[in-house]
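K.L.:
Below: sequence and its predicted model.
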Amino acid sequence: MNIYGSVSQTVITTVGGKYKISFYASHLPGLTTSLLSQEGYIRLPGIQRVFKLFQRSARTQSQLDWYEHVYYFTATAALSDITIGSFGDKSGISLDDVRLYPLHSNSKQESSESLDPIHVHIRTDGKEFSLHASWTITDRESPIVDYMIAIGTVKGGTQLQEFRSVGRSSQVSVNDLSLTHGLPVYVTVVAKNAADLTAVFYSEPIMVDITPPDICCVGDGPNEDEDLTHQTSSVISVHWRVSDPESGIEYCEWAVGRAPSSSTLSPFTRTATLYSATVDLENLLHHAETVYCTVRCKNFVGLVSEIVSSGVTIVKEAPHSHDATLRVVISSPTVYDARENHQTEVNSISIAWDGFSDLSGISNFECNLVSDKGQTPERSRIVGNRGENTVVLKGLSLKSYKTYQVQLRAVNYGGFKSEPVISNVTIETCPPYLTGKFIDNGIL
């Protein structure tokens, strides 16, 4: 969503309830302003904050650098107004994936999703880090008049920021932090009430993570041990493996399209699990169409990895045989040419074919040999499964002066069979013989 000015929405909330709002913001696409940095603002119940967009490189003005922003608030009424906007009427911003969450005391995803006293988020663009912390601290006897916060690499430490006052604000943002991968970060809050009494609160450690999730082993199909190349069903499934030992996986999303990384058939939606997804695309898929599943997973510091399946081809029709040809390859045992479709060999038949077609691909061919009485002297043979278009049918016991019909069908990867193409062969094992007497000069 691209906005100039602001956008607002009124949501239903519970008085006293704690909420988290997250969204992605970026510069407008095609921005030509000479300013390399811009700001936006968010207005929540009792809170108004200014946020910065990423620095825009002049060489990549057409690219969007998305950055996640996270804020917390306590609802003061049954209806809460949320406003996000840009400053001025000439410098807009782009927004995406705006989400509102109630905070639950039993959540184990990370500290920011629970009702622990201090909620901490660390986000990175791959180079610099920003930290956002908020807290919920009350004193029923005396109001809180001041908060002091510090940031360190050990509990209660000040290695990253010395204690400083933020007044009565219940949240703080610190930008341009220099952190290293795997470093634990703690936030310490000292609350002072009107009676000049203080209490110290510590956050759970947040692990610094500069690596995106590790996604592997993607495969088309519902079963983990398979990767389908063809299928007849309109139900598209994909499975994968993902891990992020440093910060954990916040969510995965997936889409289905006619090209890698596209979502032309099914838009990106969050998956119910972190290892598989399924969607029914009935009436959207066509024969011989290859579809690709794209999976994206995001960790709790906002880094995203993407993986694309190798694609699965939809099979709904049988191969075509209207332009196909089949012939029996005859070899003469003498210096004379054999008559077409006649042979002396009784233990084998050599055949060649061409012209079968199927855009989804042909897996193999099914060959049947039928006698002149309509009997099939042997079971069907699978031929051509390595791409060849000739074969010698061996191990036969053909009868002399019998005519046999060779039937060939193409079979695609969905198991559909084409109409048969037919060629006849007659077996003759004996040489010609005389039935009368020789006539010389008309005298018998």
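P.N.:
Done, it's in.
K.L.:
alpha carbons only for contacts and neighbour counts from here, please
P.N.:
Fine.
K.L.:
If the nearest residue to Thr229 once chain neighbours are set aside is in a bridge, with which residues?
P.N.:
Spatial nearest neighbour of Thr229, excluding adjacent residues (CA to CA, 6 or more residues apart in numbering): Val312 at 4.6 Å. Here Val312 shows beta-bridge partners Val291, assigned using DSSP bridges.
K.L.:
isn't Glu246 right next to Val208, touching?
P.N.:
Yes: at 7.3 Å, Glu246 and Val208 qualify as touching, with contact defined as CA atoms under 8 Å.
K.L.:
about what we covered before: how far away is the residue nearest to Thr229 from Ser305?
P.N.:
To Ser305, Val312 is 22 Å away according to CA to CA, to the nearest Å.
K.L.:
Excluding covalently adjacent residues, which one is nearest to His286?
P.N.:
According to CA to CA, 6+ apart, the nearest residue to His286 is Ile314 (6.8 Å).
K.L.:
Touching, that neighbour and Glu282? I think so.
P.N.:
No: the pair Ile314 / Glu282 is not scored as a contact, 11.6 Å apart, by CA under 8 Å.
K.L.:
hey, what's in contact with both of the two?
P.N.:
Taking CA atoms under 8 Å, 6 or more residues apart in numbering as the criterion, Ile314 and Glu282 both touch Ser234.
K.L.:
For stretch 149-163, could you pull out the residues that count as buried?
P.N.:
Across stretch 149-163, burial judged by 16 or more other CA atoms under 10 Å covers 149-153, 155-158, 160, 163.
K.L.:
quick one: which of the residues you listed sit in strands?
P.N.:
Under the assignment DSSP state E, those contribute 149-152, 163 to strands.
K.L.:
domains for this structure, by residue range?
P.N.:
Per the record, the chain has its domains at 2-207, 214-314, 325-427, by automatic domain parsing.
K.L.:
for the record, mean pLDDT for the longest one?
P.N.:
To tie it back to what came earlier, the one meant is domain 2-207. For domain 2-207, mean pLDDT rounds to 80.
K.L.:
quick one on the thing from earlier: neighbour count: Ile314 and Glu282, which is higher?
P.N.:
Ile314 (23 against 11; other CA atoms under 10 Å).
K.L.:
Now do the strands in the stretch 251-400 of the chain.
P.N.:
266-270, 276-280, 290-299, 304-308, 312-314, 325-329, 342-343, 348-354, 362-371, 381-383, 390-394 (DSSP state E, counting those that start in this stretch).
K.L.:
Ok, which of those comes nearest Gly415?
P.N.:
Nearest of the strands of the stretch 251-400 of the chain to Gly415, taken as CA to CA: strand 362-371 at 8.4 Å.
K.L.:
Off-centre distance for the closest one?
P.N.:
39 Å (CA atoms, centre = their mean, to the nearest Å).
K.L.:
Neighbouring strands - and their directions - for it?
P.N.:
Paired strands of strand 362-371, with direction, are strand 381-383 (antiparallel), strand 403-412 (antiparallel) (DSSP bridges).
K.L.:
Name the residues that touch it?
P.N.:
The contact list for strand 362-371 (CA under 8 Å, 6+ apart) reads 319, 376-387, 402-413.
K.L.:
Compute the inter-axis angle for that strand and strand 348-354.
P.N.:
Angle of strand 362-371 versus strand 348-354, following axes from the mean of the first three to the mean of the last three CA atoms, to 10 degrees, is 140 degrees.
K.L.:
what's the burial count for the residue nearest to Thr229?
P.N.:
Val312: 22 neighbours (other CA under 10 Å).
K.L.:
same question, Ser397
P.N.:
Neighbours around Ser397, by other CA under 10 Å: 12.
K.L.:
any idea how far the residue lying closest to it once chain neighbours are set aside is from Phe73?
P.N.:
Of all residues beyond its chain neighbours, the one nearest Ser397 is Asn347 (5.3 Å), with distances taken as CA to CA, 6+ apart. With the distance defined as CA to CA, Asn347 ends up 87 Å from Phe73.
K.L.:
which of the two has more neighbours?
P.N.:
A count of neighbours by other CA under 10 Å puts Phe73 above the other of Asn347 and Phe73, at 21 against 12.
K.L.:
show me the contacts for that one.
P.N.:
18-20, 44-47.
K.L.:
and what of Ile422?
P.N.:
Residues near Ile422 by CA under 8 Å, 6+ apart: 326, 405-408.
K.L.:
So which of those is the closest to Pro260?
P.N.:
Nearest to Pro260, judged by CA to CA, of the contacts of Ile422 is Leu408 at 36.7 Å.
K.L.:
and the closest one, bridged to which residues?
P.N.:
Under the criterion used (DSSP bridges), Leu408 bridges to Cys367, Val421.
K.L.:
Quick check: it touching Asn424?
P.N.:
No: taking CA under 8 Å as the definition, Leu408 is not a contact partner of Asn424, at 11.6 Å.
K.L.:
Now the common contact residues for Glu246 and Val208.
P.N.:
Shared contacts of Glu246 and Val208 (CA under 8 Å, 6+ apart): Gly182.
K.L.:
that older thread, ok, now how distant is the residue nearest to Ser397 from Lys402?
P.N.:
13 Å.
K.L.:
Which helix or strand contains Arg43?
P.N.:
Element membership for Arg43, per DSSP states H and E: strand 39-44.
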